[in-house]
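1. Just need the structure, nothing else, for what follows:
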Amino acid sequence: MSAKKVIVVTGASDGIGAAAARRLHADGHTVVVAGRSPEKTRAVSAELGVDGYVADFTRLDDVARLAADLTAAYPRIDVLANNAGGMFGPHTKTVDGFEKTFQINHLAPFLLTQLLLDTLLASRAAVIQTSSTVRFTKQIDLADLDHDRHFDAVHAYGAAKLENILFTTELHRRYHAQGISAASFYPGNVVTNFGIEATSPVIRLVRRVAANPIARRVLFSTAEQGADQLVWLAEGTPGTEWESGAYYYKRRASQPRNPQALDTTLARGLWERSRELLADRLPTR
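-> Below you'll find the model as predicted:
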């Protein structure tokens, strides 16, 4: 294992994030947890005896405050684990005017990373994105990232997880030469409460299957199993244990089974469009 690190984990109040925070803390790292639920986040923070920050990613003001608090408290951040996410429905706009799934899964972590970029560069940090399988994700439309023309909860979630991979690719391209490493990963079919608000028939079917104890053991992973790759990437050394810019599944670099994930033009376009949407919140770079 490499030297002890300062590791920020978002979405750490439950599920994969909480499981990863526990393991990383047990391994001796300085873990910082951030989550949406005040009660759950404080419970994990108190359990581990670590700093905890409450930030609701449906509110970009919360993201900006989290970035400011982290910048003030931690002059060095070795790993930023952008793990917060979920599937939601029906089509809902946040107070910032963006579709909820898009904002929580992509736009908010994009903003957090941008606002922490100076610290991350100075720390030669790793940025890790919790993605998913994107095999069946439909075409991403950069002119309709909010899915205003047609909304489906499963498609919106798949698009956001594909955006996580594209963000990783472009972050690597733009900043790896300056010291930042980036990776995305698919944690497997983990049963958590991430889709509890979704009303999609597909998600209802998945939850019915997951309720069967035998099917759950055979088809699904636990939060602890899903956190394994996050922990492995966070503790590993880029260029040795893993390669920057890559997408991982079961600790192996994999090729996402969706051609859009390999589209470097789409990755650049998503980056530029995301910055346009957040222009009033971002420093000039």
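
2. Tell me the secondary structure of residue 20, please.
-> Here residue 20 is helix, with the state taken from DSSP: H, G, I helix; E, B strand; the rest coil.

3. Residue 32 and residue 74 touch, don't they?
-> Yes. Contact criterion CB atoms under 8 Å: residue 32 and residue 74 qualify, at 7.0 Å. (Glycine included, C-beta is placed from N, CA and C.)

4. burial count for residue 3?
-> 9 (other CB atoms under 10 Å).

5. scratch that, residue 52 is what I was asking about
-> Neighbour tally, residue 52, other CB under 10 Å: 22.

6. That one against residue 31, yeah?
-> No. Assessed by CB under 8 Å, residue 52 is found out of contact with residue 31, at 9.7 Å.

7. which element follows the one helix or strand residue 128 maps to toward the C-terminus?
-> Element membership of residue 128 [criterion: DSSP states H and E] is strand 126-130. Per DSSP H and E, the first helix or strand lying C-terminal to strand 126-130 is helix 153-175.

8. how about the strands of this protein, start to end?
-> 6-10, 30-35, 51-54, 79-82, 126-130, 181-186, 247-249, 252-254 (DSSP state E).

9. For the second one, the averaged confidence score.
-> Taken as a whole, strand 30-35 has an average pLDDT of 98.

10. Name the strands paired with it and say parallel or antiparallel.
-> Within its sheet, and counting by DSSP bridges, strand 30-35 is paired with strand 6-10 (parallel), strand 51-54 (parallel).

11. Of those strands, which stretch is the most buried?
-> For those, the largest average neighbour count (mean count of other CB atoms under 10 Å) is found in strand 6-10, namely a mean of 27.

12. mind showing which ranges of the stretch 1-150 of the chain have poor pLDDT?
-> Applying pLDDT under 70 to the stretch 1-150 of the chain flags the ranges 1-2.

13. will you turn the strands of the chain into JSON lines that also has distance to residue 167?
-> Shown next, in JSON lines, are the strands of the chain (distance: least, CB to CB, whole Å):
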{"stretch": "strand 6-10", "distance to residue 167": "14"}
{"stretch": "strand 30-35", "distance to residue 167": "18"}
{"stretch": "strand 51-54", "distance to residue 167": "22"}
{"stretch": "strand 79-82", "distance to residue 167": "9"}
{"stretch": "strand 126-130", "distance to residue 167": "7"}
{"stretch": "strand 181-186", "distance to residue 167": "8"}
{"stretch": "strand 247-249", "distance to residue 167": "12"}
{"stretch": "strand 252-254", "distance to residue 167": "17"}
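
14. Of all those, which one comes closest to residue 151?
-> Minimum separation from residue 151 across the strands of the chain (CB to CB) falls at strand 126-130, 22.7 Å.

15. ok and the closest one relative to helix 153-175, angle-wise?
-> 170 degrees (axes from the mean of the first three to the mean of the last three CA atoms, to 10 degrees).

16. what helices or strands is strand 126-130 leaning on?
-> strand 79-82, helix 153-175, strand 181-186, helix 223-235 (3 or more CB pairs under 8 Å, 6 or more residues apart in numbering; DSSP states H and E).
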